[in-house]
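In: got a structure for you, letters missing:
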Ligand SMILES: [Zn+2]
């Protein structure tokens, strides 16, 4: 397992996991260094950051899924701490899709885009205070992944869990893949997804009892 970290949350998880020598912790430098810092011999890749490093995450996810491995982003975009989606090849709803969906449905889409752009370019990292309970939760989740990998992958693939760090509310949902996503590979023609299919079914009488 390789965990890319930036900020308090990642550093605290590293501290909790320091006795596990099977985990490689890699500080996030820039997207350009990823080629060198990426260890191709791991099975699971996690990114833990105090900022929405969207471009870094997307590039990392692309590399990981190309190798048929597992990717999980754990990101703080204040006030939210988001875990997931757990991304594996061939399963609908990856990090790429989740960001696209977020932009599609956000009423302040431009602002969100600017925010992502800001953190992509920002050299100085912004760190936030993390409640110790949240660090423990993340660390325990990783422990679970270590001992029951298949089960966790099955339960979490394409799933996102978002905790509001202010009011402690938690929302979980399944990421709906965007059409023709280049990462998770749901290469469905948009024309085949809509009523066109229904018309065909109706014509073929599939709906007849
Ligand atoms: Zn996708």
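Out: Received, thanks. None of these values were measured; they are calculated from a predicted model. Numbers count the residues shown, from 1 in each chain.
In: so what does residue 58 have for phi and psi?
Out: Residue 58 adopts backbone torsions of phi -60, psi -40, taken as degrees, to the nearest 10.
In: which residues does residue 173 contact?
Out: Going by C-beta atoms under 8 Å, 6 or more residues apart in numbering, residue 173 touches 159-160. (Glycine included, C-beta is placed from N, CA and C.)
In: secondary structure element for the closest residue to residue 84 other than its chain neighbours?
Out: With C-beta to C-beta, 6 or more residues apart in numbering as the criterion, residue 84 has its nearest non-adjacent residue at 4.1 Å, and that residue is residue 160. Using DSSP states H and E, residue 160 falls within strand 159-164.
In: part of a helix, is residue 64?
Out: Yes: the assignment for residue 64 by DSSP: H, G, I helix; E, B strand; the rest coil puts it in a helix.
In: I figured it was touching residue 70, is that so?
Out: Yes: taking contacts as C-beta atoms under 8 Å, residue 64 lies within contact range of residue 70: 7.1 Å.
In: can you list residues touching both of those two?
Out: Counting by C-beta under 8 Å, 6+ apart, the contacts common to residue 64 and residue 70 are 45, 87.
In: higher neighbour count, the two?
Out: Under the criterion of other C-beta atoms under 10 Å, the comparison of residue 64 against residue 70 puts residue 64 first, with 28 against 23.
In: report the contact partners of the more buried one.
Out: For residue 64, the contact set (C-beta under 8 Å, 6+ apart) comprises 45, 70-71, 87.
In: if we use 10 Å, what do you get?
Out: Each residue near residue 64 by C-beta atoms under 10 Å, 6 or more residues apart in numbering is listed here: 2, 38, 40, 42-47, 70-72, 87-89, 94-95, 183.
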